[in-house]
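K.L.:
coords please:
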Amino acid sequence: MANLASDPFRALYERRSDRIALDADVSLRRSGKNTYRVHVYDVSPHGCKLEFVERPKVDEHVWVKFEGLDSIECLVCRLDGFVVGVEFVRPMHEAVFESLIARLR
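P.N.:
Predicted structure coming up:
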């Protein structure tokens, strides 16, 4: 991801919560495309950072599926090559998030 300290649009990207570093894979589906596995680098209740196979567009809707959870609708908000930041359309409940982190670590 771009360095936020030098990013002129930093105010637009202030995170609502800290992200937890991960080294895991999730299922990803883009609208009208097949589901495939991608790497997830970090996650928060509000979004995550993923490595895409095909570069998406900003504001594109995608669906991320963590093992044990229903698919989560996301909005692409940041691009850095094939590493993409997505925001969950509906943030995860704190208890669901904590359970997810416990399973993935």
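
K.L.:
when you work out contacts or count neighbours from here on, use the C-alpha atoms and nothing else.
P.N.:
Will do.

K.L.:
show me how far the lengthiest strand in the chain is from its chain's centre.
P.N.:
For the chain, the strand reaching the highest residue count under DSSP state E is reported as strand 20-30. Its chain's C-alpha centre and that of strand 20-30 lie 7 Å apart, by CA atoms, centre = their mean, to the nearest Å.

K.L.:
and it, which residues are buried?
P.N.:
The neighbour-count check on strand 20-30 (16 or more other CA atoms under 10 Å) flags 22, 25, 27-30 as buried.

K.L.:
low-confidence stretches in this structure?
P.N.:
1-16 (pLDDT under 70).

K.L.:
tell me which residue is most central in it.
P.N.:
Compute the mean C-alpha point of the chain, and by CA atoms, centre = their mean the closest residue is Cys48, 2.6 Å away.

K.L.:
surely that one is in contact with Val26?
P.N.:
No - under the criterion of CA atoms under 8 Å, Cys48 makes no contact with Val26, lying 10.9 Å away.

K.L.:
shared neighbours of these two, anything?
P.N.:
Val40 (CA atoms under 8 Å, 6 or more residues apart in numbering).
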